[in-house]
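>>> Generate a structure from the sequence data that follows.
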Amino acid sequence: MTDWRRSPTSPWTCDAPTWRSSSRYCTTPSPDSAPSCSAWNWTSGSATAPTTPCPAPKARCTASSNPWPSSPKASAPQANASSHPTGPARRHARAGPFPARRITPGPPLSLLANGPVLAVEEPNENCPHSPRRVADGHPMTKPPLRVLDGGHDDPDPHRSLPHDIGAERQVLGAMMLSTRAVADARALLDGSEFYRPAHQEIWQAICGLADRGDPCEPTAVAAELGPRRLTKVGGGPYLHTLIQDTVSSTQAGYYSHRLAELAYARTIAMTGTHLIQLSHQATDGDATDLRGAVAAAVQDITTPDARGWPTPTPLEAARELPSFPLPMLPDWLAEYAARLAEQTQTPTDLSGCLALAVLAVAAGGKVWVQARGWREPTNLFTVIALGPGNRKSEVFAAMTGPIRAAETMLRDQAQPHITDIAIQRRVAEADMEKAEKAAINAIDAIVREQHLEDARIAAERLQELQIPAEPRLFSDDATPEILTSQLAQQGGRMAVLSPEGEIFSIAAGRYSGAPNFAVLKHGHAGEGMRIDRVGRPSEIIESAHVTLGICTQPDVLAGLADTPQFRGQGLLGRILYAVPHSLLGYRDPSPELIPAHITHTYTDTLTSLITRLHALTDPITLQFTDTALNAVQELLRETEPRYRPGNDLAHMPDWGGKYPGAVVRIAGLLHLAANHHGTWNKPITTDTFACARHIGDYYLTHAQAAYDLIGADPDLADARALRDWITRTGTHRFAASDAVQALRARFRKVADVEPGLRVLEAHGWVRRLPAPPRASGPGRSRAPVYEVHPNALEDASQDP
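Numbering: from 1, shown residues only. Here you go, the predicted structure:
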């Protein structure tokens, strides 16, 4: 760029020529009082193409518009034709074998940053007019660097900073056509991205109208600008021109992205110029301040701009899962669970979840909860995943101790009745056998018929006298077949309580070789069962109720993914999971022991509740108060949208679909525990349901962590693979085909990538860029391009 300046002694001075390597033409102004090369013809302050050729074969000089503002008071002097080479010099110039270069004047660098302007010479050393040639004909080794004072305010259009006036017009026109376009543009822009000041004025007027909720049509924008500002931006017709030139208001997002990128490019240019200026100010040889300024400038331009981006949601489960909300339990149960957790130095999740499990053992099969149009039983499937060495067995034994005591008590109470039935049965068998023999020995037909009738009566009596099984409340582990038989014997009620997770491996077919989840599926819902086996009597269960209280290892929980039927048949969705944080390494060696009266209260209350409910001949149904029933409906309304694609339950609809029912079941159990004296027939209150919902929220968060541990969502696994590829390679933009190429072992075609991309987009890790306007005519649409969140690398490093 040739930097021309006005001076007191001459109308125009040329400080230094700038040579552009991108052209074959050159201009050679002289440092005299006016440009002396006849290649410059000045007309009204503008440079035009020369009529006299420069010293380049078959080439001519060209010049663009004037790089300084035209002034009616001072115009550029006419070129002095005598200063152009003539005679031998001119013939030499015409015959020169080396092409010269053309200069395209650029914007004054003073526009880019405050301070002096730096001009960098890029001469063609083969051109005789090049400043690289010195008097003795020896070329300089490096182009000189000069700092030029001052600058001009008018950028040359042929070498301006990166911008796109057409895109600016499209954005403003779309904003005046559509409120959606206003929202899309404001999510990415703040107005400073517009290169033309008039467009910044229009942007501010539109945003002012939008903030007040007023329409942003041209007439309103004109009124917002006012007469003076409206004249500056081009008047009302210009606003209508913006609308007429707008292709579609739906393209506002695409053009807004483009403006943001061009604005960033201008920032880079200004930063680079500023750093060059600073480098020339370090004249004393001390670069300490310069290094600090460079570091600050680099940090400023490399700081991610997250405007328009949501905060990325971690793809892994929450790092800090909530603890079980013990205060939501009735006092006698919460107090014991909290003291037990303190004594054993274990997470409160362990004792809290088992507290609900023992309540379900007491109520399962005996109590139902009625909602609006549907009802739920009160048995639960609870699974606590905690690593070894966390004293699971100790807590398990303490929490289930009253159940064992109650079972012993029920067995002792039932034993006399069992013995009596057994005696009556033996008598009936003897009577039937005696009558049969008498009928066989009878000669008279009438006598024989009488003995046969006695035998039939004895047989009917024998059929009625079925020896009841000893009362059983739970089993440690059992095969599905044995569990089914136990349900048939115990009136459809049975629990599996175990400090290990053997029930899952057994159900997966460890002994039979084939998975069998029927009894667990029917037993969770309280459904009836009919079992027919070869060589064995049929078993009919009117209503099966199974309760699970399992403590297991996290590896066992993760291994459920190895049996697809666990999820395929809906078992995973029926479990209330807890994945507590281990206290290993942080335990107190001298914890406070449980006071004896708290232990007695817990034991006596739970035992009494079990025996009272066990004595019920028919199941009871609990009702909600009207306000509590409204709270149940509100839970349903709030939960439903969470199953939609992109929301937190979209990848686990099997569990989410049973979440409201689980909360209703927990509300019934809390109601029974709070009214353990037998006053449970009154309705469930709003406060009780609120406590149940709080516990349900706890299980919801832990279920998401458990599903993450199991790896039950293949789309989520694909999203993690894509995210790891993005962070590993530092990718900022990509198409789906790029991911297929990079991860061929996982994705075979573009369609395989799309579910994972949808998960990433829903979690805020990537977003699909607006498609550019499609060109008219035939051809395929461009594949969508995805942009990565600016903070992706940082956020990914914080995920577990």
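>>> neighbouring contacts of stretch 312-325?
347-349, 351-353, 578-581, 694-695, 697-698, 701-702, 704-705, 708-709, 716, 719-720, 723, 759-760, 762-765, 789, 791-792, 795, 798-800 (CB atoms under 8 Å, 6 or more residues apart in numbering). C-betas here are computed from N, CA, C, even on glycine.
>>> give me the number of residues near residue 424?
15 (other CB atoms under 10 Å).
>>> I figured it hits residue 464, correct?
No - using CB atoms under 8 Å as the test, residue 424 is too far from residue 464 to be in contact (9.2 Å).
>>> where does the stretch 101-250 of the chain dip in pLDDT?
For the stretch 101-250 of the chain, the stretches with pLDDT under 70 are 101-159.
>>> Where does pLDDT dip in the stretch 701-800 of the chain?
In the stretch 701-800 of the chain, residues with pLDDT under 70: 711-713, 774-781, 793-800.
>>> pLDDT averaged over whichever helix in the chain runs longest - what is it?
Scanning the chain for the helix with the most residues, using DSSP state H, yields helix 392-441. Average pLDDT, helix 392-441: 91.
>>> elements contacting it?
Contacts defined by 3 or more CB pairs under 8 Å, 6 or more residues apart in numbering; DSSP states H and E place helix 392-441 against helix 331-344, helix 348-363, helix 445-464, strand 474-475, strand 493-498, strand 545-552, helix 596-614.
>>> if you set the cut-off to 7 Å instead, what comes out?
helix 331-344, helix 348-363, helix 445-464, helix 596-614 (3 or more CB pairs under 7 Å, 6 or more residues apart in numbering; DSSP states H and E).
>>> so residue 261, which of the three states?
Classification of residue 261 by DSSP: H, G, I helix; E, B strand; the rest coil places it in helix.
>>> Hmm, I typed the wrong one, I wanted residue 537.
Assigned by three-state DSSP, the conformation of residue 537 is strand.
>>> Per the annotation, how does the chain divide into domains?
When the chain is parsed with automatic domain parsing, its domains come out as 1-160, 165-302, 327-412+471-578+619-710, 413-464, 714-798.
>>> hey, which of those is tucked in deepest?
Among the domains of the chain, the stretch with the highest mean neighbour count (mean count of other CB atoms under 10 Å) is domain 327-412+471-578+619-710, at a mean of 19.
>>> Which of the contacts of stretch 312-325 fall in helices?
Checked against DSSP H, the contacts of stretch 312-325 include these in helices: 348-349, 351-353, 694-695, 697-698, 701-702, 704-705, 708-709, 716, 719-720, 723, 759-760, 762, 792, 795, 798.
>>> ok, back up a step: just send the helices and strands packed on helix 392-441 back as a markdown table, with distance to residue 228 and mean pLDDT too.
Converted to a markdown table, those look like this (distance: least, CB to CB, whole Å; pLDDT from 0 to 100):
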| stretch | distance to residue 228 | mean pLDDT |
| --- | --- | --- |
| helix 331-344 | 72 | 97 |
| helix 348-363 | 69 | 96 |
| helix 445-464 | 105 | 88 |
| helix 596-614 | 81 | 95 |
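>>> Would you mind putting these into a markdown table with distance to residue 439 alongside?
Output for these, formatted as a markdown table (distance: least, CB to CB, whole Å):
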| stretch | distance to residue 439 |
| --- | --- |
| helix 331-344 | 62 |
| helix 348-363 | 50 |
| helix 445-464 | 4 |
| helix 596-614 | 44 |
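>>> For residue 250, which of those is the nearest?
Smallest distance to residue 250 across the helices and strands packed on helix 392-441 (CB to CB): 50.0 Å, for helix 348-363.
>>> Would you mind pulling the contact partners of that closest one?
For helix 348-363, contacts defined as CB atoms under 7 Å, 6 or more residues apart in numbering pick out 323-324, 326, 329, 333, 337-338, 340-341, 378-380, 382, 384, 386, 392, 395-396, 399-400, 403, 473-474, 495, 497, 547, 549, 578, 580, 606, 609-610, 613, 666, 669, 672-673.
>>> do that again at 6 Å, thanks
For helix 348-363, contacts defined as CB atoms under 6 Å, 6 or more residues apart in numbering pick out 323-324, 326, 333, 337, 340-341, 378-380, 382, 384, 395, 399, 403, 473, 495, 547, 549, 578, 580, 609-610, 613, 669, 672-673.
>>> now it, how far from the chain's geometric center?
Chain-centre distance of helix 348-363: 33 Å, with CA atoms, centre = their mean, to the nearest Å.
>>> With stretch 175-195 instead?
Using CA atoms, centre = their mean, the offset of stretch 175-195 from its chain centre is 26 Å.
>>> first to last residue in that stretch, what's the distance?
For stretch 175-195, the first-to-last residue distance is 17 Å (CA to CA, to the nearest Å).
>>> Over to stretch 189-201?
From its first residue to its last, stretch 189-201 covers 14 Å (CA to CA).
>>> Over to stretch 541-560?
28 Å.
>>> Name the residues that touch that stretch?
With CB under 6 Å, 6+ apart, stretch 541-560 has contacts from 354, 357, 360-361, 364-365, 377, 379, 381-385, 392, 396, 487-488, 492-499, 501, 522-523, 526, 528-529, 566, 709-710.
>>> So what touches stretch 402-416?
Under CB under 6 Å, 6+ apart, the answer for stretch 402-416 is 358, 361, 470-471, 473, 603, 606-607, 610-611.
>>> swap that for stretch 730-748, please
721-722, 725, 750, 753, 783, 785-788.
>>> rerun at 8 Å
Identification of contacts with stretch 730-748 by CB under 8 Å, 6+ apart yields 718, 721-722, 725-726, 729, 749-750, 752-754, 757, 769, 783-788, 793.
>>> re the thing from before, relative to residue 589, which of the helices and strands packed on helix 392-441 is closest?
The closest of the helices and strands packed on helix 392-441 to residue 589 is helix 331-344. By CB to CB, the value is 12.2 Å.
>>> tilt between that closest one and helix 596-614?
Relative orientation of helix 331-344 versus helix 596-614 (axes from the mean of the first three to the mean of the last three CA atoms, to 10 degrees): 130 degrees.
>>> Just the CA trace of helix 331-344, in PDB.
The C-alpha trace of helix 331-344 is given here as PDB (Å, rounded to 0.1, in the frame of the first residue of the first chain):
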ATOM      1  CA  ASP A 331     -39.600 -40.600  62.700                       C
ATOM      2  CA  TRP A 332     -39.200 -44.100  64.100                       C
ATOM      3  CA  LEU A 333     -37.800 -45.400  60.800                       C
ATOM      4  CA  ALA A 334     -35.700 -42.300  59.900                       C
ATOM      5  CA  GLU A 335     -34.100 -42.200  63.400                       C
ATOM      6  CA  TYR A 336     -33.000 -45.800  63.300                       C
ATOM      7  CA  ALA A 337     -31.700 -45.700  59.700                       C
ATOM      8  CA  ALA A 338     -29.600 -42.600  60.500                       C
ATOM      9  CA  ARG A 339     -28.200 -44.100  63.700                       C
ATOM     10  CA  LEU A 340     -27.400 -47.300  61.900                       C
ATOM     11  CA  ALA A 341     -25.600 -45.500  59.100                       C
ATOM     12  CA  GLU A 342     -23.500 -43.600  61.700                       C
ATOM     13  CA  GLN A 343     -22.700 -46.800  63.700                       C
ATOM     14  CA  THR A 344     -21.700 -48.800  60.700                       C
END
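>>> Kind regards, and thank you for your time.
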